[in-house]
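Q: Take this sequence and fold it.
(2 chains, ligands or ions: 1)
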Amino acid sequence: MSGGTRERKADHIRYLLETEGDAVEANTLGFNEGRYESVADLENYEALKSEARAIKEDAIERLPELIDELTETVEANGGTVYLADDAADANRYIREIADENDAERLVKSKSMTSEELEVNEALKADGVDVVETDLGEWVLQVADEAPSHLVAPAIHKSEDEIARLFNEQFEPDEPLETAEELTTFARDRLGALIVDADIGMTGANFITADSGSLMLVTSEGNARKTAVVPDTHVAVAGVEKIVPSVEDLAPFIELIGRSGTGQDITSYVSLLTPPVDSPVVDFDESDVALADRDDDRDFHLVLIDNGRMAMREDDHLRETLYCIRCSACANTCGNFQSVGGHAFGGETYTGGIATGWEAGVHGQESAAEFNDLCTGCSRCVEACPVEIDIPWINTVVRDRINREGDDGRFEFVYDELVPDEEDTGSIDPQKRLFGNYETLAKLGSATAPVSNWLADLGPVRSVLERTVGIDRRRSLPAFERETLVDWFESRGPRVSAADAEREAVLYPDTYTNYIDVDRGKAAVRVLEAMDVHVRVPAVGESGRAPLSQGMIATADTKASRVYAGLAEHLDAGRDVVVIEPSDLAMFHSEYEKFLPEASFERLREGSYEILEYVYGCLENGANGARLRTGDDGPDVAYHSHCQQRTMGVDRYTRAVFETLDYDVLESDVECCGMAGSFGYKQEYYELSMDVGDRLAEQFTEPEAQDRLVVASGTSCEDQLEDVLERDAVHPVEVLDPRSRLR
Amino acid sequence: MSAESGSVRNRFEEALADRDVALTRTTPAAFEATLQAVVTEPVVGTPLPFGDVSLPEWVDDEPTPATLEAATTGVTAASFGIADYGSVVLPSTPEGSEPVSLFPELHVPVLHERDLVADMPTAIERLGPELRDGGSAIVATGPSATADMGALVEGAHGPNAVHVVFLETDGDGE
Ligand code: SF4
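A: From the prediction side, this is the model:
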């Protein structure tokens, strides 16, 4: 990316932060909070997710067969099925239906798939009046804007803005103000258009092959009217919406509303088996009793391929087809909460999973636009009702984008700095720099403090900004001359193996080893206070840095090296203790893709987050009084790390603080916004700070402002220091018996 | 089965209360009076398939588009209720239960107590054969609603209120 492109991107993001950010933030935070509350009421939440996942896996596996079965069922019911190869094919078919019916007006209920087709434009070109009846979609139709959210398309618009829009467009006698007035106005206007329509078009959240039924999840009731009032019903749906049987719907009904908008269930779950038995509501025959009608309803199911069958054959994109478009991944995403779907989305789809959808249906370029907004924080993974590894899809697509094209614009010196395994010269220099962070850190440490003085110089910052897009407003980490590994080698262990309760290997992650050596030293002392014999071997970077830049081959190589460096210790029964949660997350999750299964399991079972390990030691009789306790330690404002929470190990930090009588106040924001390299990038600096502001707000409240700021992740510490202008430390630095921190 | 059904009924009532949906219990004998107290005229309805009650005379049970549009209340039978969610399952019928439950401001579903099921999987299991037989149904929970205009509003394209009439068989309730 050139400097100019970065600036344009930064401008666009700044504009959206200012214009749409507040409405998006208020709504997504509400949905996200609702989700937590609503799924907490479900005793069998995890089991339901697994069930939902299994149904989707099976359905996509058997898709060709299910398409055939569904086609037979719908035709036996009296409907028609058309399998469209792509958008043009689908639109041609739909236009034919409109033409055969001499349709003047088609009313639509909300359907993202129809947005993917751009069917409105196609019909309008033929002179058909297309009316969106979902109130949010209608607002956008009036405003001529694109949806910014999968479920709540006009989420970026406030009540005031909508009132202004309607008052300008429709000039009502009395200006509209409140949401009630706006709703009544829209309902009346749209109600009249619906009863007069020739065709109703809906999407489908699910389609059952055994009965030919559509399941539509709505709250407004417009989909019910759209499907039933006119005598011709066209449903458009991606082929991935098919499930084998009606009974398969149950877990999805329980999960979809909770996951998306945080409602236990939406007002209406329509289960329609078209052509339906309901009489047509025909105001041209307004005195004919509904019961006396003898309607001959017409039903067309337009199934859309448009790249989906190819996605099914793609090992990495296939999971995207399990997506039920609930929007949880967007609502839980720190970046999305700030900037919304007009930045975090492609031609049609928005939010974390949009990368998969866009790459699959519109092509990689559409995904490339926003793919970098996924920082891999992984908060969406546990929110997803079908357990999709959304960050992995984002990483894979990033890797593919990296490999595309080849403009060979790299300088020789730069190649020295970035000794990665990627086999093309087309990766953005910024990505290669961050992907090879370990090399940079080594060099920075070896030349410290000169490297730090240099890095602080104005001209250097301006070059860094121009060439690799490191925002000059962001403070850079200072390298330590003596690494943790060197320090430990000269110091040696203080608890001998013979006297020890346990033996542990402290993993020297890049940041701890070269930059925040203090937290490494604190970790060693904490472990030794628990009678643990400690070793700090020179094991390299976990691969997290290259992976976050989409450099999968480099990450893979690093994973093998790390495993080689730890295997002997694991075999000797030593525990691997990890300070940095994002590295532990590599060991516990991504390494599954890089290592043989036995190696992966071996490392996963033998590695622990440091506070998890301390918790275990305390549970097994270690003397907590040998650590610094809450008696003389400070009150704490704690932010756990996103990946730490996804792994479910954040609870140990909480438990240790509690056992040791600390007074702790905890943040509930999903992510600090820094996310490794993300917050350094010129194009994302302001977004990162905006996300960080949510955290800053919590920690500047009166009850938090005098507390010591504590965070488990490196990036979180840096971000908190930047947004709060207060020091931030790792929990081990609080517990360190030598600690004087207040 | 009394203890079981009692707790299922409580769950149903609690779930409705959570959503501010009114429920009135009645018996076949008191049905007409109860309905009278619940509805606002003009009222349209579709025939109830329960042996022990039917729609009173004063309900227009053969609505036309014109009377449907003029009606304030729509009365229809629910084929069953789902206790965990406070949902009623509304079948689509040739007599027009779907529009009658959808167009008027107030929807009054009539639910027979024997038709209350505990949870969603049971409800969907019941619906399976009906859908495979060509039937359609709406799982309706509370009034229609929207948050698209910047704040939550009840009453979007469908009713803005739902009032469940819960039919108990005489002598039941222990
Ligand atoms: S990926 Fe998962 S969380 Fe995101 S919209 Fe799809 S189903 Fe929902």
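
Q: which residues does residue A:653 contact?
A: Applying C-beta atoms under 8 Å, 6 or more residues apart in numbering or on different chains to residue A:653 gives the contacts A:611, A:638, A:640, A:644, A:712, A:731. In this view, the C-beta of every residue, glycine as well, is placed from N, C-alpha and C.

Q: Which of those fall within strands?
A: residue A:638 (DSSP state E).

Q: Out of the contacts of residue A:653, which is nearest to chain B?
A: Nearest to chain B out of the contacts of residue A:653 is residue A:640 (C-beta to the nearest C-beta; 30.4 Å).

Q: From chain B, how far off is the closest residue to the closest one other than its chain neighbours?
A: In space, residue A:640 comes closest to residue A:650 once its chain neighbours are excluded; the distance is 3.8 Å by C-beta to C-beta, 6 or more residues apart in numbering or on different chains. Going from residue A:650 to chain B by C-beta to the nearest C-beta, to the nearest Å gives 31 Å.

Q: Give me the three-state assignment for residue B:90.
A: strand (DSSP: H, G, I helix; E, B strand; the rest coil).

Q: The residue lying closest to it once chain neighbours are set aside: helix or strand, and which one exactly?
A: Spatial nearest neighbour of residue B:90, chain neighbours left out: residue B:138 (4.6 Å); criterion: C-beta to C-beta, 6+ apart. Secondary structure assignment for residue B:138, by DSSP states H and E: strand B:137-140.

Q: Contact residues of the stretch 251-400 of chain A facing the ligand?
A: A:259, A:323-329, A:352-353, A:380, A:383-386, A:388, A:390 (C-beta under 6 Å from any ligand atom).

Q: Just give me the neighbour total for residue 40.
A: Unless you meant another one, I'm taking chain A. By other C-beta atoms under 10 Å in any protein chain shown, 10 other residues sit near residue A:40.

Q: my bad, the chain I had in mind was chain B
A: Counted with other C-beta under 10 Å, residue B:40 comes out at 13.

Q: pLDDT score assigned to it?
A: If you check residue B:40, the pLDDT there is 96.

Q: need the contact list for the residue nearest to residue B:90.
A: Residue B:138 is in contact with A:224, A:268-271, B:89-90, B:92, B:98, B:101, counting by C-beta under 8 Å, 6+ apart.

Q: Residue A:488 touches residue A:524, doesn't it?
A: Yes: under the criterion of C-beta atoms under 8 Å, residue A:488 makes contact with residue A:524 at 6.6 Å.

Q: and the residue nearest to residue B:90, how far is that from residue B:79?
A: Going from residue B:138 to residue B:79 by C-beta to C-beta, to the nearest Å gives 10 Å.

Q: And the residue located most distally from the centre of chain B, how far from residue A:140?
A: Largest separation from the mean C-alpha position in chain B: residue B:150, at 29.1 Å (C-alpha atoms, centre = their mean). Distance, residue B:150 to residue A:140, by C-beta to C-beta: 14 Å.

Q: Next, show the common contact partners of residue B:138 and residue B:79.
A: B:89-90.

Q: Over to residue A:214: give its phi and psi.
A: Main-chain dihedrals, residue A:214, degrees, to the nearest 10: phi -100, psi 140.

Q: surely it meets residue A:274?
A: Yes: the criterion here is C-beta under 8 Å, and residue A:214 meets it with residue A:274 at 6.9 Å.

Q: what residues do these two have in common as contacts?
A: A:227, A:235, A:301.
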